[in-house]
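Novice: My questions concern the predicted model and sequence given below.
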Amino acid sequence: MPVVRLELTRFTKMVGTGRKEILDRLPYIGLDIESSDSKSVRVEYSPNRPDLGTDFGIARALRGLLGTETGLPEFRTKPTGIKVAVDPRLSKVRPYIACCVATGLDLDDEDVRQLISLQEDLHNGLGRKRRTVAIGLHDLDAVSPPLSYRGVPSTFKFLPLGADKPSSIRSILSDTYEGRAYGHVFGDSDVFPVISDSKGTVMSFPPIINGNATRVTTKTKRMFVDVTSTGQKAGDDVLAILATTLSEAGGKLGTVAVRYPDKTRATPDLSPTVLPLDLGLVNSVVGLDLPRREILACLARSRMGVRGSKAVGPRYRVDLLHPVDVAEEVALGYGIDRIGPVYPPSKAPGAFNPFEEFLDSVSTVMAGAGMIETMTYELTDRRTLYDHFERPSSEMVTVQNPKSLDHSMLRDALVPALMAVLSGNVKSDYPQRVFEIGRTYARTRDGVKESWHLGCLVAHSQSSYTEAKMYLEAACRVVAGLEVATRAAEHWAFSPGRCASIAVKDHGLGYVGELKPGAIDAFGVGVPVSGFEIDLSKLYELLK
């Protein structure tokens with residue numbers, strides 16, 4: 001979770017109240033207090049609320065919750081006359097750009113730190129690690145409009161941020177941390193985007209690095225912001241958050257004309273977000289019976305407004321997507337601490353689910369054997385689940401219209417996910433012993449069947465079939481009081497001749513063995529790996 005550091009002397013002035021009241025109310029706008037001392041407090045905020053990524057945004061929300069500044073914030077913009085021409089050659093690389101200007105700034109060191117921190121959080125969150133959105137902050141006084149967003153070859157040179165001599169695009173991509181970390185977004189393109197002014201000064205090479213000439217400092221009085229993106233809405237959302245944050249920092253906002261080959265847009269567009277206001281839905285979701293005037297007052301404390309039958313949210317609230325979101329804002333404005341608990345009508349006492357108790361006992365036994373428990377996603381990708389093991393994928397359970405290829409199918413085994421865990425810890429000391437208890441999914445004639453599995457992997461230079469079988473037998477003996485039978489078998493995850501099937505009371509439960517060398521290499525794990533995977537759902541049925 002992203003973290004914001006609030007300097008209390010500064011922050012109490014921004015909110016207009018004391019330390020105790022601030023600390024008491026911070027959790028009620030959805031912030032978790034990570035730590036605090038006499039000078040500062042560190043808070044975690046949810047990635048779905050990127051507008052809370054600075055003390056400016058948090059103070060704005062708190063003033064509303066405390067009732068000192070309520071209602072929909074207004075953000076005024078004026079045309080600046082600055083134009084940005086977009087090169088059509090960038091249509092297949094990074095086609096969109098949105099910009100704004102903030103003037104009248106008087107930034108101190110903490111203001112700049114907050115803005116840079118927000119920039120990085122937006123890169124990692126909405127920007128998907130700069131893959132979809134990248135941000136540039138520039139000193140406008142070092143710029144000579146008009147500007148151009150154009151494509152250049154890999155031999156093009158400019159002076160990158162923090163450098164003392166010009167470098168070519170090719171060198172930046174191969175020799176700098178930023179180039180190696182983010183250069184993959186260009187694929188095999190031979191055209192690269194740069195933003196430059198009328199004198200040829202390069203302001204940015206998005207999404208890799210800014211130019212040195214337009215560096216932002218505490219002396220910056222006029223700031224130019226560029227947001228390049230692969231999708232127009234994503235770029236507009238990020239720019240709205242940045243622009244409104246600069247407004248809170250004392251800046252006066254100006255629009256920039258972005259000229260595409262077929263149209264011209266003025267950015268930023270800070271028009272409010274409009275959603276239906278369903279009073280019945282609000283009371284149903286919140287669990288109260290509030291009159292309309294009270295609902296409107298609650299929305300005002302959440303920095304929203306109402307126009308007739310519509311709820312209106314500020315443009316920086318990119319998380320407002322559905323009428324249920326309006327109900328949540330009513331709850332926040334009302335005060336989560338004021339909503340009392342409602343007990344269920346049944347007077348029967350609750351009890352632990354026996355199967356959950358069984359899973360807990362398995363987890364306790366594995367942890368007691370020196371294993372580290374992991375929790376991985378049930379949604380995974382084809383490469384992790386199938387390609388690294390060179391296994392057929394005819395029975396895979398896929399997600400229709402997935403939001404990401406990284407989460408495009410349901411897993412049918414835990415071993416691939418555990419191998420991915422080992423792959424992410426190759427720099428840690430060995431031996432590494434990990435396990436997971438989780439759901440898997442298998443296609444059947446009747447649809448998709450869910451089962452709970454136990455997966456375990458052991459990685460070190462002497463890892464072997466014998467060690468994996470030892471952990472397997474110990475777990476079954478302690479948890480179920482049963483002995484396991486093994487028989488030579490073949491399995492897509494384990495090496496031939498180093499694999500056995502697992503059975504209890506003549507019922508097949510899974511497999512144990514040494515991982516195939518090809519799979520170990522594919523995941524980049526440099527030591528032998530052995531392990532097992534069994535079906536806990538079947539084992540539980542045998543114990544009944």
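Specialist: Okay, I see it.
Novice: Quick one: neighbours of residue 353, just the number.
Specialist: Using other CB atoms under 10 Å, residue 353 has 10 neighbouring residues. From N, CA and C alone the C-beta is placed, and that goes for glycine too.
Novice: Against residue 344, how distant is it?
Specialist: Residue 353 is 17 Å from residue 344, where distance means CB to CB, to the nearest Å.
Novice: Could you do residue 282 as well?
Specialist: On the measure of CB to CB, residue 282 and residue 344 end up 22 Å apart.
Novice: So which of those two has more stuff around it?
Specialist: residue 282 (24 against 7).
Novice: what's near enough to touch that one?
Specialist: 290, 295, 326-327, 330 (CB atoms under 8 Å, 6 or more residues apart in numbering).
Novice: Just give me the neighbour total for the residue lying closest to it once chain neighbours are set aside.
Specialist: Leaving aside its sequence neighbours, residue 282 sits nearest to residue 327 (CB to CB, 6 or more residues apart in numbering; 4.5 Å). Around residue 327 there are 22 other residues, counting by other CB under 10 Å.
Novice: farthest pair in the contacts of residue 282?
Specialist: Using CB to CB, the contacts of residue 282 span at most 12.7 Å, a distance reached by 290 and 326.
Novice: Neighbour count: those two, which is higher?
Specialist: Set residue 290 next to residue 326 and count neighbours by other CB under 10 Å: residue 326 wins out with 27 against 16.
Novice: Pretty sure the more buried one sits in a helix.
Specialist: Yes - according to DSSP: H, G, I helix; E, B strand; the rest coil, residue 326 belongs to a helix.
Novice: I figured it hits residue 310, correct?
Specialist: No - Residue 326 is not in contact with residue 310 according to CB atoms under 8 Å; the separation is 9.6 Å.
Novice: shared neighbours of those two, anything?
Specialist: The contact sets of residue 326 and residue 310 overlap at 275-277 (CB under 8 Å, 6+ apart).
Novice: Tell me which residues touch residue 244, please.
Specialist: Contacts of residue 244 (CB under 8 Å, 6+ apart): 51, 73, 75, 270, 314-316.
Novice: mind putting the residues you listed in CSV, pLDDT, distance to residue 376 and neighbour count included?
Specialist: Listed next are the contacts of residue 244 as CSV, based on pLDDT from 0 to 100; distance: CB to CB, whole Å; neighbours: other CB atoms under 10 Å:
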residue, pLDDT, distance to residue 376, neighbour count
51, 96, 31, 24
73, 95, 41, 20
75, 95, 42, 19
270, 96, 40, 22
314, 97, 37, 23
315, 96, 37, 22
316, 97, 34, 28
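Novice: I'd like the distance between the nearest residue to residue 229 once chain neighbours are set aside and residue 57.
Specialist: Nearest residue to residue 229 in three dimensions, chain neighbours excluded: residue 235, at 3.3 Å (CB to CB, 6+ apart). For residue 235, the distance to residue 57 equals 19 Å [CB to CB].
Novice: Neighbour count: the two, which is higher?
Specialist: Using other CB under 10 Å, the more surrounded residue of residue 235 and residue 57 is residue 235, with 28 against 23.
Novice: Tell me where the stretch 351-500 of the chain has strands.
Specialist: 372-373, 379-380, 397-398, 409-410, 432-444, 447-459, 485-488, 494-504 (DSSP state E, counting those that start in this stretch).
Novice: thinking again about what came up before, closest one of the shared contacts of residue 326 and residue 310 to residue 253?
Specialist: Distances from residue 253 to the shared contacts of residue 326 and residue 310, taken by CB to CB, are shortest for residue 275, at 24.1 Å.
Novice: Make sure that closest one is indeed in a strand.
Specialist: Yes - Residue 275 sits within a strand when classified using three-state DSSP.
Novice: what sits opposite it in the beta ladder?
Specialist: Counting by DSSP bridges, residue 275 forms beta bridges with residue 311.
Novice: list the contacts for the residue nearest to residue 229?
Specialist: Under the criterion of CB under 8 Å, 6+ apart, the contact list for residue 235 reads 96-98, 133, 227-229.
Novice: Swap in 6 Å and give it another go.
Specialist: Contact analysis of residue 235 by CB atoms under 6 Å, 6 or more residues apart in numbering lists 96, 98, 133, 227, 229.
Novice: measure the second one to residue 193 for me?
Specialist: Yep, that's residue 98 we're talking about. For residue 98, the distance to residue 193 - CB to CB - is 14 Å.
Novice: ok so, going back, closest to residue 304 out of the strands of the stretch 351-500 of the chain?
Specialist: Nearest of those (CB to CB): strand 379-380, 33.3 Å.
Novice: Paired strands for the closest one, with orientation please.
Specialist: Partners of strand 379-380 in the sheet, by DSSP bridges, are strand 409-410 (antiparallel).
Novice: what's next to the partner strand, contact-wise?
Specialist: Counting by CB under 6 Å, 6+ apart, 396-398, 441 sit against strand 409-410.
Novice: got it, and stretch 480-491?
Specialist: In contact with stretch 480-491 (CB under 6 Å, 6+ apart) are residues 473, 476, 499-504, 511, 543.
Novice: Over to stretch 534-544?
Specialist: Contacts of stretch 534-544 (CB under 6 Å, 6+ apart): 355, 358, 451-454, 480, 502, 505, 509-510.
Novice: correct me, but residue 465 touches residue 500?
Specialist: No - taking contacts as CB atoms under 6 Å, residue 465 lies outside contact range of residue 500: 7.6 Å.
Novice: No further questions, thank you.
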